[in-house]
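1. Following is a predicted model, sequence given first.
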Amino acid sequence: RVELEEVALTLPNVEYEPEIFPGVVYRVRNSRMTVLIFNSGKVVVSGAKDENDITRAVEELKKDLYKYELLEEDDEW
């Protein structure tokens, strides 16, 4: 499970309004892509044009999660 409030308070480029939408909206830098993060741990990438864009968005999110210690090396991804 993902603690969405903690993610929203810690990561840059995010929006979280649980009364409007049940997930965190993570905006990928220098891109029109967004990653929706849900408390189940599932993510949805939107705005990607191809598989490479999806990979880039997910890798950027993972990098931020590690950087801000919201994800540890032994956590399943």
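-> Now that the structure is in, tell me what you want to look at. Numbering: from 1, shown residues only.
2. going forward, measure contacts and count neighbours with C-alpha atoms only.
-> Will do.
3. Would you map the helices across this structure?
-> Taking DSSP state H to define them, one finds helices in the chain at 4-10, 51-67.
4. which helices and strands sit right next to the shortest one?
-> Taking 3 or more Cα pairs under 8 Å, 6 or more residues apart in numbering; DSSP states H and E as contact, the helices and strands that helix 4-10 lies on are strand 24-27.
5. Give me the below-cutoff pLDDT ranges for this structure.
-> Of all residues in the chain, those with pLDDT under 70 make up the ranges 76-77.
6. if you set the cut-off to 50 instead, what comes out?
-> Scanning the chain for pLDDT under 50 picks out nothing.
7. R27: what's it in contact with?
-> Taking Cα atoms under 8 Å, 6 or more residues apart in numbering as the criterion, R27 is in contact with N13, V14, M33, T34, V35.
8. wouldn't the second one be in contact with V24 here?
-> Yes: between V14 and V24 there is a contact at 6.6 Å, judged by Cα atoms under 8 Å.
9. More neighbours: which of these two?
-> V24 (22 against 17; other Cα atoms under 10 Å).
10. Pretty sure that one sits against F38.
-> Yes: between V24 and F38 there is a contact under Cα under 8 Å: 6.6 Å.
11. circling back to that earlier point, check the contacts of R27 for burial and list the buried ones.
-> The neighbour-count test (16 or more other Cα atoms under 10 Å) marks V14, M33, T34, V35 as buried among those.
12. and of those residues, the nearest to D53?
-> Taking Cα to Cα as the measure, M33 is the one of these closest to D53, at 8.2 Å.
13. Tell me the spatial nearest neighbour of that closest one, not counting adjacent residues.
-> Ranked by Cα to Cα, 6 or more residues apart in numbering and with sequence neighbours excluded, the top spatial neighbour of M33 is G47, at 4.4 Å.
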